[in-house]
Structures are given as structure tokens and as C-alpha cells.
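Asks: Next one to model:
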Amino acid sequence: MLTFNFADYFHHVNKAFVKESDNEDEEDAPESQIPAGTKNYMTVRGHAQIRAEFEHLVKVERPAIVQVVSWAAGNGDRSENGDYIYGKKRLREIDRRIRFLTKRLESAVIVDPADQRNCDQVFFAATVTVCDADGVEETYQIVGIDEANAQEGRISWISPLARALLKAREGDTVRFDSPGGLREIDIIGVRYE
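Replies: Numbers count the residues shown, from 1 in each chain. The predicted model follows:
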């Protein structure tokens with residue numbers, strides 16, 4: 001499915017422009033780590049977004065920065081050359097992000113919500129409407145770690161709320177620990193789109 005050879009890419013990176021950091025996983029912060037022994041689930045939409053970012057970095061942004069650094073290196077004294085210093089720093093950031101995205105794409109298990117057969121139960125990629133004790137309704141989609149965005153109603157499948165919702169059905173009441181304490185919510189709708 002992926003046509004880009006990730007291993008070859010990093011073996012052929014021009015080392016003159018890249019200073020490898022000691023910590024290759026700096027981008028993999030604790031909040032974005034996939035729990036040990038679990039799979040890296042992604043929705044089709046999430047995979048496409050990560051793939052697009054990867055392609056942009058590899059085909060557009062990195063080549064442009066390499067060109068700037070190369071031009072700046074030819075201008076003489078590198079110690080006071082802002083274009084060169086910033087370019088090298090940005091190149092390291094881009095390469096770190098490319099490594100991170102490469103790992104995520106290679107380990108992705110893509111789940112298409114349209115393929116779900118058991119539509120009355122909450123599984124990964126479900127869109128769930130819930131109602132709390134105050135009668136406030138909210139809708140969430142359970143998504144992969146890298147595509148979660150609470151403001152847009154997309155919650156990571158490893159979040160306490162998503163874990164409480166998983167395998168529940170419409171009409172069920174679930175309890176979970178939230179930052180504000182123990183909460184109880186009713187599931188009023190489950191759909192896959």
C-alpha cells in the first residue's frame with residue numbers, strides 16, 4: 001500500500017545537513033505513546049491526514065530547507081549565518097517528525113467505520129452521542145491517538161471516556177473517572193459514518 005521506501009530514505013539522507021540527535025524518539029512524548037502490547041488503530045481519515053503531512057514534509061518542506069541550508073553554507077562563515085543555523089535546526093525538526101510519522105504509518109491498523117457490522121455496539125471509530133446527569137448531550141467519535149481532538153469531538157480510544165464507552169450499547173449507562181471526578185453518562189446513540 002505504501003509505495004515510499006522509508007528505510008532507503010533515511011539511508012540516503014545527506015549527513016552534511018543533518019545532525020542526528022541522541023534521542024530519536026523525542027517527538028514520541030508520553031501522551032502520544034501507544035500503550036505496549038496494543039495496536040496503532042487509525043481511522044481512514046486519520047491515516048490520510050498523517051500520510052499527507054508525511055508527504056508534504058518529504059516532498060516539499062525538507063527539499064526547500066535543504067536548498068536554503070546549501071545556499072547559506074556557500075555564503076562563508078556559518079557561525080553567524082542565521083539562514084544556515086535556523087535551516088539546520090529546522091531540518092533536524094523535520095527529520096525527527098518524519099521518523100515519528102514513519103513509525104506511525106508503518107504500524108497503523110486502519111479501521112473504516114463503514115465496514116462495522118455490529119452497529120448497535122460501541123467499537124473503535126464509532127460516533128457516540130451521550131447525555132450526562134444535567135441533560136447535556138455531547139457527541140464523540142472514538143479515534144486513534146494521533147487524530148484525537150477533543151474540541152472537535154474526536155477522542156482517543158485510550159482515553160478514560162472512550163474506554164468506558166467501548167463495548168457499551170445504546171441505552172447503557174457508563175461510569176468513568178474524569179479530571180473532575182467520577183462521572184456517569186447515558187448512551188443515547190451509536191452510529192458509524
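
Asks: what residues are up against residue 119?
Replies: Residues in contact with residue 119 (C-beta atoms under 8 Å, 6 or more residues apart in numbering) are 190-192. Glycine gets a C-beta too; all of them are placed from N, C-alpha and C.

Asks: which among those end up buried?
Replies: Neighbour-count burial (16 or more other C-beta atoms under 10 Å) applied to the contacts of residue 119 gives 190, 192.

Asks: Please give me every residue in contact with residue 73.
Replies: Here residue 73 is in contact with 81, 84 (criterion: C-beta under 8 Å, 6+ apart).

Asks: what about the residue nearest to residue 107 when sequence neighbours are not counted, distance to residue 55?
Replies: Counting by C-beta to C-beta, 6 or more residues apart in numbering, residue 40 is the residue found nearest to residue 107 once chain neighbours are left out, at 4.3 Å. According to C-beta to C-beta, to the nearest Å, residue 40 and residue 55 sit 19 Å apart.

Asks: what does residue 144 give?
Replies: 18 Å.

Asks: Same question for residue 125.
Replies: For residue 125, the distance to residue 55 - C-beta to C-beta - is 23 Å.

Asks: more crowded one of these two?
Replies: Between residue 125 and residue 55, counted using other C-beta atoms under 10 Å, the more crowded position is residue 125 (25 against 12).

Asks: Tell me the confidence at the residue with the largest distance to the centre of the chain?
Replies: Computed with C-alpha atoms, centre = their mean, the maximum C-alpha offset from the centroid of the chain is found at residue 76, amounting to 40.0 Å. You'll see residue 76 listed with a pLDDT of 74.
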